[in-house]
Structures are given as C-alpha cells and as structure tokens.
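K.L.:
sequence and computational prediction follow.
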Amino acid sequence: MTNLLPAGYGGPSDRPRFPNPIPKLEEPPHISGDTSMRDTPDMSGDLDHRLKIETSEEEYEDSLLSDTSSEADEIPKSQRGLPVSQLPTGLCYDDRMRYHAEVAATSGENVHPEDPRRIYYIYKELCEAGLVDDKKYPPMVKMPLLRIDAREATRDECLLVHTRDHYEFVKSTAEMSDEKLIDLSDEANMDSIYFNALSYFSSKLSAGAAIETCRAVFSRKVKNAIAVIRPPGHHAEVDRTMGFCLFNNVCIASKVCQSDFGDECRKILIVDWDVHHGNGCQKAFYQDPNILYISLHVHMNGMFYPSGNDGDMFHCGEGPGLGRNVNIPWPTKGMGDGDYMYAFQNVVMPIATEFDPDFVIVASGFDAAAGDELGGCYVTPPCYAHMTHMLMSLAGGKIAVCLEGGYNFHAISKSALAVTRVLMGEPPDRVQATQASQHAVDTVAKVRTVQSKYWRSIYPKDPIGGIFGGERLHDIIRQWQAQHLYDKYKLTQLHIFRDNISKSFEQQVLATPNYETKKRLLIIFHDAPDLLGHYNGLSTQQKLHDTWLVDGAQSYIKWAVSHGFAVIDINVPQHITINDEDSPEYHDTDVEYASTMTDVARKEGEKLAQYLWENYVEPWDFPGGIFLMGAGTAFHALAKLVSENGTFLIPTHPIILSSFLFTCRPWSETRANTQTHPPPSIPLLSFLAQSLNLCTPRAKFAEEP
C-alpha cells in the first residue's frame, strides 16, 4: 500500500523539514468502468503543477513576518511547555492554630461555633482524598499538595492594617488570667469573641500562614494554594476585634504582597463568599484604588450579622477607592447555587476581568454551604468549585484561597475538598440547581445599575447626573388606573386617615359607589400591574412602544361589578415607604423604599388591611357574604387579617394558582363539606361564581332573604 504519510513521519528518527508539514497530495486511484464524465477534458497534465504544495526553504522563510516588522513586535512570544501547570498546588496547615479555644470547658449546644476542630476536619478530608503527603495517609496522586510552612506574622506586618492599640490589646491577652479572659469575652463590645492565653499566638500564626501562602503563589513556588487557617479574619477591623476575628488575615497578606513585590503585585482582587459581609476588609481598603473587594453575603436589609447598612450595594468605596468596593447583598437566607453562579457570571467576573488583577485572594468562608445552620443557605461543593474555576482565569492563575467562616464540619470539609481539587487541575463537578431565584435576579440587576458608574463592562448604565423632573411610573399608572376604573365602574378613592399607615397607600384604595349597601363584597389585595417588554440594554431606558401594561385585577373587578358585587380594590406598591422611625430602612438615606418582600414592609400592608376592615367593612352588613382575594405578594396582608380575626373570618375556599381566594363565613356555621378545593382546570372567576352558593353570612349579619 502506498504510504500516505509525508517525509518526517516515517519513524521516530525522522524529522519533518518544516513545522507542521502538510502531506503531499497523491494521485487518486484508477476507477475502472464507464463514468458520466467521459467527455470531461483531461486536466491531469497540469494538475500536479497547480496543486503542488511543497515549498522551498527560501519561500517558507519569505512567508514569515520579518523580525523587524511592527506586527512582529506586537505579537508576544508564547512560552514553551506548560510552566504553570507543572507546578504543584500549595497547602498551608498548622495544628498550632487550634490552640485558640475557649477557656471554659464546653460541650453539646454550648460549644462555640468557631470550633478549633474546623481546620482539622478539612485537613483530614484532604488527606483521606489522597491529596496530601501525610504519614498516616499516603498520597494517591502523582503531585500531592506541597506543604507551605506557617509562621507568626510580625508586629510590623500586622501594623500594615491594624492600629498599634489594637495590636497591643490582642498581645495583652497572652498575659491575662483565665478568669479575666472569660470576663473579657463576655464584655458587650467584644462582639462574638473569645480569648485564651494562646489566642494571640494562634491569630498571629493564622495571619502569617495567609502571608506565606500568598507569597508562595505569587513567587511561583506553587501555581496556587489553599490556606486552612483559623481564627478567621475578615470581620476584624483596623482598631477592633469582631465576629470571631482578631487580626484580618487576607488584608495583612495583601499589604505584605504589595510591599514585597512592588508594582508586579500592585492590583489585588479579594473575593469574599463568606455568608457574612466582610466589614473589616471593606473598611481596610475603602479608599484604596489598588484593591478591589467583592463580597457576596446575606444582608437582609442590615438585619443579618454584621448588622447595619455597611454591606448594602450602595457602599462602593470613596475618594481614590470609589468603585473598588462591590457588595452583592442577598435580601434573604436560602440562596443557592443558581444564585451564586448568576452573581458570578453577571457581576463578579465582568468587573474582575476589567480590573485585571495581578493577584487574587479568596476570603473563603464556607458558611453559605448547604447544611450550615448559621448561614442558612444552600451552596453546594460543585458551586464552590465552579466559582474557584472562574477565578483561576484571572491574574495568570495566581490565586490563594484562605479559610474564613464555616461551622458545619461536614459541609466545610466537602466544600474545601471541591475547591482544592479544582486548584489542582480537576474540572469542577456539575452544578444541579442552575436557575437563579427572583431574589438573585433583582439583587444582581440593582448591583449592576449601581456599579455601572464605575465599570465600562457593566450595563445598563445608571442615568448620568440623576433623573431630572421625573416621576415614578407606578404613581402615573395608578393615577391612570383610578381614572380608568372611575370611568368604567365609578370606583372612587377611600381615604386613609391614620398617620401611622404608610403614605405609599394614598390613592391606592378604591371602592364602588355605595358599596356598603350591596349584599356581597369583594375585597382585592393585589400587587401593582406588571410591565412587560424590552429595554435598552445599554441603559435603563424603556422602549415605550414595546412595553405593555398587564393589569389582571381589572378582569375580576369587571366580573364582580357585572354580578352585583361591591368592590374594594387595594393596589399594593412594590416598594412601600416606612413610617417607623425605629426601622433600619427609615434611617437609610440610600433606601427610599422597602421591598414588600421584607418583614417591615409587610407589616405596613397588614396594618392597612386591619384598618380597612375596622373602618370600611366591619361596620356594615353584607348578607350575601364577603370575599377576600389576594394576588401576589399582597396576599400576606389578607392572610394576617384572617389569622388574627379567626372568630369572624374563616377561609373555606383557598385557591393556590397565581392568586389566592377566600370566602368569609362565621366560625360556628362552617361545614366540612364546604371546605373544598377546586381543581386547577376551573378558572378563578368560574369558581368565584360557584362559591356564591356556599357563602353564609357572619353571625352578626342579618339573615339572607
């Protein structure tokens, strides 16, 4: 058989004449028999000449760019081999960091969540996975984790971040008696801190371990590394201990690297995925243009630790550091993989890529992991692995992962293992829950709008200079609704005369004329109408021609009026102003409205429902029955009304579709056979009609004729 391989591929000793040689085109084999191309002109004579692909040395040299050309200067020379991939991943772990413990012996539920065993279980998990060259656990990989020796951080290194007074205070604990240490831990200003005689040593060792881990990565002794360290540090502020933290490990390590490596390590990215906001990191670098701090954390309108508004999305840095602080504050617990992946893909990575850091440090708390009761979220090990994998694309792969929080031994061990495997080169496992929740989508959209002022890659852009002469579309729509409902059904406003009811409900309560004279009353609590359409992807501008107003409540009003119902229509705004001066939202100048998803704003709707019942419903008789309908988030106000007035109100016909429907009847006259659930196929209005035969009057109402 003819050898189709070119010269240079015949054996191991052969060398190709040129890089990536192309095989010489061979003449096709002869095909016997008649063909349909009998009369085709014979072109074989010059075929060899026209398809000749062999090139002389001179022709090949001439085809390359000259070394003196400007194009050649712009093309960087690629490195030979795989210089980074061949390096090991580093591991920093030291048993002596476990010396920081509570003085008083504790057990069971009294054990402090920042337990010394946290780092032991992580290290043990890495050993059992065969990733560590340990005496008890032989490695199962060709290149196990390279041990990085921990050391104590020096006084000067700690003072790069902390004040002298703070350093001397922590140092003084080493000389205190056990009784004094216990009393000190119980002081209110200590804020979730305990001490023993070795806390000072362990905290310096933790900070020093973070330093050596980062130095090993940046100097390319290892390609990347994980530091299994404690006590944690991201809550420790410049001048105080706080939240289990004494010295701020990642901040000290960042400053040391900037000092030791100069301009080569000028720009540092700190990504903090601990479930709590890293207030210490934020305050340490709030005015620093060279350190970008990004935190994903549960915020709950400042009601989650550390309380206050420092962790909200509007704290973006100040002075030269403006735009170098990015908070992604989750409004609730229960956030999961899809939420974190969505935030990473839409905020963290675009901003981080534009920042183009020289070095990446992860403040890696695992208390957002599924199973951690303190965090209450559901992030799985594969999600942590994927987030790590994305960050490894930055800074030439120079990334150091430093442990922060995480208090479930199983959760932190599995999460740390997943992160370490990815650092060592394994692809991350698949994430099962990939869909982001509405909480995440809304939060990320708001963060993008806020941060768009500082980053070219983030859209939509916030209107430059603010909005002049504008009005909230919700108010305009409600004015149109009021006029439209009056023109069609003569609905007019019911006035709210109580000062402690939110002003957001002004002009939001409408009723049919002489509603109190009707036999039947339908009360509808519903969310504001939806706007559906397209917006300009580069800005927050809406395309009015392609935007539609969807008001589902009007179909219920139309049906009810046509069947002789009296109607009270309550439109609950998506955001409600807060009148309570003790509420954190009331004092937050950056938050004018509180979302109806918050507990504080829900109470405003509940107060309105109770007010309307006492002043506009209870004084009148409706012998045909009272129907309560709640649509969307506004349903909570009616649920509260029913639960607190159970003697007179009892829900007998709940529908769980896009809306919730209740008929009201006296407790004593409720019958089991009337408590039926309609099948989903029955339309809501049809079921409302069927319910008319099941509604009985309240005890104090006159009997229905």
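P.N.:
On my side now, so go ahead. Residues are numbered from 1 along each chain as shown.

K.L.:
so how far is the first residue of stretch 545-565 from its last?
P.N.:
36 Å (CA to CA, to the nearest Å).

K.L.:
off-centre distance for it?
P.N.:
36 Å (CA atoms, centre = their mean, to the nearest Å).

K.L.:
what do you get for stretch 395-403?
P.N.:
That offset, for stretch 395-403, works out to 20 Å (CA atoms, centre = their mean).

K.L.:
quick one: end-to-end distance for it.
P.N.:
20 Å.

K.L.:
so for stretch 361-375, what gets flagged as buried?
P.N.:
361-372, 375 (16 or more other CB atoms under 10 Å). Quick note: C-beta positions are derived from backbone N, CA and C, even for glycine.

K.L.:
of the residues you listed, which belong to helices?
P.N.:
Residues of those located in helices (DSSP state H): none.

K.L.:
farthest pair within those?
P.N.:
Largest separation among the buried residues of stretch 361-375 by CB to CB: 361 and 371, giving 25.5 Å.

K.L.:
okay, the buried residues of stretch 361-375 in JSON lines with distance to residue 459 and pLDDT next?
P.N.:
Shown next, in JSON lines, are these (distance: CB to CB, whole Å; pLDDT from 0 to 100):
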{"residue": "361", "distance to residue 459": "28", "pLDDT": "99"}
{"residue": "362", "distance to residue 459": "26", "pLDDT": "99"}
{"residue": "363", "distance to residue 459": "28", "pLDDT": "98"}
{"residue": "364", "distance to residue 459": "29", "pLDDT": "98"}
{"residue": "365", "distance to residue 459": "30", "pLDDT": "97"}
{"residue": "366", "distance to residue 459": "32", "pLDDT": "98"}
{"residue": "367", "distance to residue 459": "32", "pLDDT": "96"}
{"residue": "368", "distance to residue 459": "27", "pLDDT": "97"}
{"residue": "369", "distance to residue 459": "32", "pLDDT": "97"}
{"residue": "370", "distance to residue 459": "32", "pLDDT": "95"}
{"residue": "371", "distance to residue 459": "37", "pLDDT": "93"}
{"residue": "372", "distance to residue 459": "34", "pLDDT": "94"}
{"residue": "375", "distance to residue 459": "31", "pLDDT": "94"}
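
K.L.:
just those residues: which are in strands?
P.N.:
Within those, residues falling in strands by DSSP state E are 361-364.

K.L.:
show me how far the one helix or strand residue 211 maps to is from its chain's centre.
P.N.:
Secondary structure assigned from DSSP states H and E places residue 211 in helix 199-218. Distance of helix 199-218 from its chain centroid, counting by CA atoms, centre = their mean, is 28 Å.

K.L.:
check which element follows it along the chain.
P.N.:
Defined by DSSP H and E, the subsequent element after helix 199-218 is strand 224-227.

K.L.:
any idea how far residue 494 is from residue 608?
P.N.:
Residue 608 is 11 Å from residue 494, where distance means CB to CB, to the nearest Å.

K.L.:
residue 196 now?
P.N.:
With CB to CB as the criterion, residue 196 and residue 494 are 64 Å apart.
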